[in-house]
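In: I'll drop the sequence and a predicted model, then ask my questions.
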Amino acid sequence: GNPAGECCHRRVASRPPEDSAMGAKGSKPRKTRQVTQFGAQADGESEEEPEHHIAVDGTKHKAGFRHQVTCPEGHAMRAKVVREMFVACYSDRECDKCEEVCNIDKSHYHCHECDYVHCNQCAREHLGLKDLTHRGPPVNIKVGDILLAGPDKFGIHHVILVCSGWHEVDHDVLELLDVEPGSDVLCCETIESTQGSVGTETWWYKSTTYFVRHHEDGALLLVADMPPDSDVLEQAFEPVPTKLLLHPFRTETDGPEMDEAAFLEVIEEAASRSVKYGKRTAVKSVISGLLHQDHINASSYATEEARGQLAKKLKESWKARPICASVAVMCWQQYFFKAHPDRDEAVQHVIDYMPHWCHKSTPSALVNSLTQHGWIISDVADE
């Protein structure tokens, strides 16, 4: 079973190793591979299409945020993925526009008031993103984006925080991966919290993570990773389907600006203070989601005094043992405090863009909430 709600695809480690067993510093990958089976070691309407209200300037609009999918009645729609540990309760939904079946492996957008569903492709169209009929270049990922690997057999996605854009893949790695024609190999720097892997000096696990992107359907599959200063490629036993949760701080789409250097400093600082993965935190997060206690309710912090109290609660929550979702929540919240010296302004940004408790939030809860706060989920890695 999986009583701890483990949302990782890594090998189990009890503490950060004193010395890396992966290989000599600075050497390139050997013509060997260390294979780790991902997920193997879990512990214990009218004929005319209605107009959708997508703003074209500014960050917020009357339905919430610029990148907001709305139903024909103008209600903000939330993205949904399967809820952790509730696989047996999941029912496929049919897109109300194109009739595409949204199964357990896919994301979709849902209007609670109207019970109206959009598949991910139709949601992309309403957001003004490129049509996926013809394959284009890979999406331009950025520091702070979130990768969702899975779901596994328990309905759990694993959250991985992006620390770089795509960069060139070493020729030796390409030879080891031996990818079939019709696919690209992409890689980026990432960081995560998991029971399965830890860093050489921190509990959080940094690595260069490798993906295969299929030309035919744009699907992104996590296939391997390599820790810093390692010469061993750790390859997945089976490729892991991966979704992208893209943050709204993109100036190329008229989003607000972001200081990536400051964000990376926050990641380094948070990793240096990181603690062991929290099994109890995982259980608490699932229960908090059922009780709707994972989300920070803006109406509860309408005054500056209340937001001051929230700032204290946030900083206290960062001390809890993390699960995979905690890394993204914590780093984004700490970034807002670093980027905005005025405490009230920082808290306002948390409420606007990352209104979650880092010790009470599951991956599915993040998807459900953040897509009402300017974030976009994509099942494919196309622009």
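Out: Cool, the structure landed. Numbers count the residues shown, from 1 in each chain.
In: Show the end-to-end separation of stretch 245-256, please.
Out: End-to-end distance for stretch 245-256, by C-alpha to C-alpha, to the nearest Å: 17 Å.
In: List the buried residues of it.
Out: Using 16 or more other C-beta atoms under 10 Å as the test for burial, stretch 245-256 gives 245-250, 255-256. Just so you know, the C-beta spots here come from the backbone N, C-alpha and C atoms, and that holds for glycine as well.
In: for stretch 156-176, same thing?
Out: Neighbour count says stretch 156-176 has 156-163, 166, 169-170, 173, 176 buried, by 16+ other C-beta under 10 Å.
In: Over to stretch 180-198?
Out: Result for stretch 180-198 [16+ other C-beta under 10 Å]: buried residues 183-198.
In: got it, and stretch 318-325?
Out: Those would be 318, 320-325, for stretch 318-325 by 16+ other C-beta under 10 Å.
In: count of neighbours near the residue lying closest to residue 221 once chain neighbours are set aside?
Out: Among residues not flanking residue 221 along the chain, residue 239 sits closest, at 3.7 Å (C-beta to C-beta, 6 or more residues apart in numbering). As a burial measure, residue 239 scores 18 neighbours (other C-beta atoms under 10 Å).
In: Residue 223 versus residue 239, what's the distance?
Out: According to C-beta to C-beta, to the nearest Å, residue 239 stands 5 Å off from residue 223.
In: Pop out the phi and psi values for residue 276.
Out: phi -60, psi 150 (degrees, to the nearest 10).
In: Test my guess that it contacts residue 204.
Out: No - counting by C-beta atoms under 8 Å, residue 276 does not reach residue 204; the two are 10.2 Å apart.
In: Of those two, which one has the most company?
Out: residue 204 (26 against 15).
In: residues contacting the more buried one?
Out: 191-193, 198, 270-271, 274, 322, 327 (C-beta atoms under 8 Å, 6 or more residues apart in numbering).
In: who's the residue most central in space within the chain bridged to?
Out: For the chain, the residue sitting closest to the mean C-alpha position, by C-alpha atoms, centre = their mean, is residue 146 at 2.9 Å. For residue 146, the beta-bridge partners under DSSP bridges are residue 161, residue 245.
In: Also residue 189?
Out: residue 208.
In: Roughly how far does it sit from residue 349?
Out: 24 Å.
In: follow-up on the earlier one: of all the buried residues of stretch 156-176, which comes closest to residue 298?
Out: Lowest distance from residue 298 to the buried residues of stretch 156-176 (C-beta to C-beta) belongs to residue 159, with 23.0 Å.
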